[in-house]
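1. sequence first, then the predicted structure, then my questions.
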Amino acid sequence: MQVELKIKHKGLILVAVPLLFELVFLAVLSGLLRQADYKTWQEMHSKTVVYESSALSRLFHDAGIAMGGYALTKSPLFRERFDSIVSSIPREFKHLQKLVGRNSSQKGSLKRLETYTNSGLHLLSTARDAIEIGGEGVSRVRSLYSEMKGVSKNISTELDNLTAESRKIEEDGPNARKQSDQMVRVFLAIGVLFNIGLAFVLSYFFSNGITKRLFILTDNANRLARAEQLSDPIKGTDEIAHLDAVFHNMADALAEASRKERAIVENAADVICSIDADNKFTKISPACKKLWGYEPSELIGTRYLNLVISDDVEETAIATRALRKGQHTASFETRTYRKDRSIVTVLWSAFWSPTENSMFCVAHDITERKLIEEALKESERRVRSIIENTLVSLIVIDRFGMIELVNPQTEKSFGYPAEAVLDQNIGILFPQFMSAEDNFIEELFAQASGRIADLEMMRADGELFPVEFSLSQLETNEGTRFIANILDVSERQEFEKLKREFVSTVSHELRTPLTSIRGSLTLLNTGMLGNLNEKGERMVSIAERNTIRLINLINDILDVERLASGRVEMQFDNTEVSSIIERSVESVRSFADQHSVKLEVGDLRPLTRVYADGDRIIQVVINLLSNAVKFSPKDSTVTLNIKEETEWVELQVIDRGRGIPEKYKALVFERFQQVEVSDAKRKGGTGLGLAICKGIIEQHKGSIGVESEEGKGSTFWFRLPKAPQGEAVMA
Ligand code: ADP
C-alpha cells in the first residue's frame, strides 16, 4: 500500500528523519564514550586497589620488621614505629574495604581479609606485649612469629584474591581502551556514512516527491499555455497533485470550450473566416460551401475580392481599408459570385485585429432578405398607388383624432390641401365639431369603429355632404392608429332618390288604371255587364287574379320604397299585444281555412303592451301568418306564441312546413328574395313581404329573424320594446 503524503508531511519527514537520526547517533556515541570512560576509571580503580592491597601487605611486613627490631633492641624507636604501623593498618584496611566494597563478588574475600587482618593485628599486639615482658615472652614471640607467618600468608593470599580481578583489569586496561576507541571510531565512520546515505535517500525522496513533480507541473502549465496535450496526471493527493488536477481540469475546460467554439464555427449557418493583410482567406468555415459553392480548401489562399462582383469591388475595398485604418469594426453589403456564377448578396460583419494583422469576418447571406425588401417596396408602391388612386377618402388618425396622413382623394373631396389638415383634428371635417375638448371624437369612434356609419361631413367651402364613414384599427410601430374610410355618397343618394321617385311615380301611375281595370274585370266576372261564355269567364277570372297580383306588387313596392326613404309615418302608441294578435288572426282565418291549416294562439297576457303603430304591426303579423299558412302542409297547425321579458315582447309564428335552408335565413328578409323561384307562382308571393316586415320592425327599433330546421318547419319571430306603464289606446 502506497502512503500518499502532503508536501507539509514530506517537509516534516525531511527535517525529522535526520534530526531523529542525529539524536540516536549522539545517544549511542555518548553511550560509547561513557563506556570508554568507565573502562579508564575501572583501570584506575584497579590500580588503586592493587596499590592499596600492596600497601596493606607492606604494613604487615613493616610491622613484622619493626617488631623484630624491637624484640632485638628493645629500642623504643622500634616500638613507636611498630605502634604507628599497627595503628595505621585498620585505617588502611578500611580504605581498601571502601575501594573494593562495591564489588559483591569480592565481599567474601574482603570478609576473610578482615578476619585475617584482625587476627594479624591481635598477634602483633600479643607479640609486642610478650616482647615487653621479655623472658618466656621471647619464646612466645617465636611461636607468635610463626603463627604470624601463617596469618601473613593468608593475608597475602586474600590480597592476591582481592586484587586478582583488578590486576586483570589493569592488565587488560590498554586493550580495553583501545577496543572502545576503535568502537567509537567505527561508530563514527558508520554514522557519517549513514548520514551521507540518508542525505542521498532523502534528497532522492524529495526530488522524486516534490522537485520532479514540480517539474511536471511547470511543464503542464507551459503545455496549457501552448494549448498542447498535458502529461498524465500526477499521482497522489498532495498539493502538487491537486494543482496538477486543477491544470488538467482547466485543460479539459479549455478543450471543451474550443470544441464548442469549433462546433459553432463549423456548424454556423453564416460563413466565419479570417482574411490576412493581403486580403487572402487564411481560415474559413464549412458554411462557404453552402454560400458560395466552394470547399474551404478551394478558398484558402485566394483573395476574397475575387468573389465580389466587379461593380462592388471598389466600394468593398474602400470599406476594408477604412477598417484597417482604425475603424476596427464595420459591416458592409456586397454582391458576390457563387461557383456557378449566380449572385448572392452578402452582409459582411468585419473586425480588424492589428495584433494579428488579420480581418475576422462573418458573411451572412441576405439575398432572400433583399428580395423580401424589394417585394416589400414593390408592395408598398402598389399600396400607395391604390391609396392614391382610390375614389374613397382615406385619413389616418391617432386615437385622439389627429390627422397623420390623407390620400389625394381626401384633398379632392374636401377641397383642402394635405398640409392644411395634417396635424389637425379630423373633427374639422364635421359640422358638429366644436373643439378638441368636446366628446365628439369619442362619439365618432363609438359610432364608426368597425362599422359603416351614415354621417354628414363638411367641405372646405362649408358645403355639407353625406358620407359612409367607417374606422378600422391599425397597429403600427408607433402605436395604434385608425384609418377613416370616407365614401362620398351624395351622388348615390341623389340617384337613389331619383330612382325612388321614379318607382313611386310609375307605381302610382300604374295603380290607378290597374284599380279601374280590376273594377271592370270584377264587374265582368259577376255578370253585371252581361253573361260571358265559359271561356270568356275563365279568361276574365285569370285577368282579374293577375290584376290583383299586380296591384299587390305595386302596393308592396310602394310600401318598401316608403319605408326605405323613411316616408312612412308611424302612429306610435301604447298598444295591447292581445288586440294585435286577435285582429291579425281574424284576418288570416279564412285564408287558413282555404288551406285547411289550423291557427292556434298561445297563452296571452291581456295587459302586455308595446309602444308601436298597431296597424303596421298587424301588417307584419298577417304577413308572417300568411307565409306560415302558405308553406304549411294540409291539416297542420300554425301556432302564434308570445314570449315576454322585462324589456321586450317577442311574437313567434311557428309552422310545420318545409323550413328555410340555412343560407336563406338572412336573405329572405331582402327584397325579391325567394327560396325557390317557383314560390312566386305557386304560392302567389312577390318576395317583398318579409322586406316590408323588416322595414316596419326596424322603424320600431325592434329586431326580426327566423329559426328553422329544413323539413320540420320554421319559427319567424320579431321583438318589440315594451310600452312604458300607462293606458292602452287600441282596444
Ligand atoms: P312572398 O311574398 O314571396 O312570400 P316574403 O318576403 O314574404 O315574400 O317571403 C320570401 C320567401 O321566403 C318566400 O318566397 C319563401 O320562399 C320564403 N318563406 C317565407 N315564409 C316562409 C315559411 N313560413 N316557410 C317556408 N318558406 C318561407
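-> Arrived safely. Quantities reported herein were computed from a predicted structural model and do not represent experimental measurements. Numbering: from 1, shown residues only.
2. just after whichever strand or helix holds H61, pick out the following helix or strand.
-> H61 is part of helix 7-73 when elements are defined by DSSP states H and E. Heading C-terminal from helix 7-73, the first helix or strand you meet, by DSSP H and E, is helix 76-100.
3. and that following helix, what does it pack onto?
-> On a contact count with 3 or more CB pairs under 8 Å, 6 or more residues apart in numbering; DSSP states H and E, helix 76-100 meets helix 7-73, helix 107-133. (C-beta placed from N, C-alpha, C; glycine too.)
4. the helix holding H61: how far from the chain's middle?
-> With CA atoms, centre = their mean, to the nearest Å as the basis, helix 7-73 stands 91 Å off its chain's centre.
5. and the angle for it with helix 76-100?
-> 160 degrees (axes from the mean of the first three to the mean of the last three CA atoms, to 10 degrees).
6. which ones are touching the closest residue to T608 other than its chain neighbours?
-> Nearest non-adjacent residue to T608, counting by CB to CB, 6 or more residues apart in numbering: V577, 4.6 Å away. Applying CB atoms under 8 Å, 6 or more residues apart in numbering to V577 gives the contacts 604-605, 608-610, 642, 649, 651.
7. retrieve the pLDDT associated with V577.
-> At V577, the model reports a pLDDT of 90.
8. who wins for proximity to E442 among the helices and strands packed on helix 76-100?
-> Distance to E442, taken as CB to CB, is lowest for helix 7-73 among the helices and strands packed on helix 76-100, at 84.9 Å.
9. and the closest one with helix 107-133, angle?
-> Using the same axes, to 10 degrees: helix 7-73 against helix 107-133 is 20 degrees.
10. so which elements touch helix 7-73?
-> helix 76-100, helix 107-133, helix 136-206.
11. report the mean per-residue pLDDT for the second one.
-> By that I understand helix 107-133. Across helix 107-133, pLDDT averages out at 83.
12. and that helix, what's buried?
-> Using 16 or more other CB atoms under 10 Å as the test for burial, helix 107-133 gives 109-110, 112-114, 116-117, 119-121, 123-124, 126-128, 130-131.
13. could you do stretch 234-246 as well?
-> Residues of stretch 234-246 classed as buried: 234, 236, 238, 240-241, 243-244 (neighbour count, 16+ other CB under 10 Å).
14. give me the contacts around it.
-> By CB under 8 Å, 6+ apart, stretch 234-246 touches 4-7, 10, 209-210, 213-214, 216-217, 220, 233.
15. try it again at 6 Å.
-> Here stretch 234-246 makes contact (CB atoms under 6 Å, 6 or more residues apart in numbering) with 4, 6-7, 213, 216-217, 233.
16. the ligand next: which of these are close?
-> Near the ligand, judged by CB under 6 Å from any ligand atom, there are no entries from the contacts of stretch 234-246.
17. show me those that map onto strands.
-> Among those, none falls in strands (DSSP state E).
18. would you convert those residues into TSV that also reports neighbour count?
-> Shown next, in TSV, are the contacts of stretch 234-246 (neighbours: other CB atoms under 10 Å):
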residue	neighbour count
E4	11
K6	15
I7	16
R213	21
I216	18
L217	20
P233	13
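19. for R609, see how far away the residue of the stretch 601-731 of the chain found nearest the ligand is.
-> Residue of the stretch 601-731 of the chain nearest the ligand, by CB to the nearest ligand atom: G685 (2.2 Å). Separation of G685 from R609 (CB to CB, to the nearest Å): 31 Å.
20. and the residue in the stretch 51-200 of the chain positioned nearest to the ligand, how many neighbours?
-> Nearest to the ligand in the stretch 51-200 of the chain, going by CB to the nearest ligand atom, is F200, at a distance of 123.0 Å. Here the number of neighbours of F200 (other CB atoms under 10 Å) works out to 10.
21. returning to what we had before: G685 and R609: who's more crowded?
-> A count of neighbours by other CB under 10 Å puts R609 above the other of G685 and R609, at 26 against 21.
22. leaving out sequence neighbours, find the closest residue to that one.
-> A723 (4.1 Å).
23. what sits against the one you found?
-> For A723, the contacting residues are 574, 609-611, by CB under 6 Å, 6+ apart.
24. reformat the residues you listed as CSV; add secondary structure.
-> As requested, these are exported to CSV (DSSP: H, G, I helix; E, B strand; the rest coil):
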residue, secondary structure
N574, strand
R609, strand
V610, strand
Y611, strand
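25. of those residues - the most surrounded one?
-> In terms of neighbours by other CB under 10 Å, the contacts of A723 top out with R609 at 26 neighbours.
26. bridging residues for that residue?
-> E576 (DSSP bridges).
27. thinking it is in contact with S579, fair?
-> No: the pair R609 / S579 is not scored as a contact, 9.3 Å apart, by CB atoms under 6 Å.
28. which of the helices or strands spans Y294?
-> Using DSSP H and E, Y294 sits in no helix or strand.
29. domain boundaries for this protein, per the record?
-> Structural domains of the chain, as assigned by automatic domain parsing, span the residue ranges 7-209, 268-371, 390-488, 493-561, 569-721.
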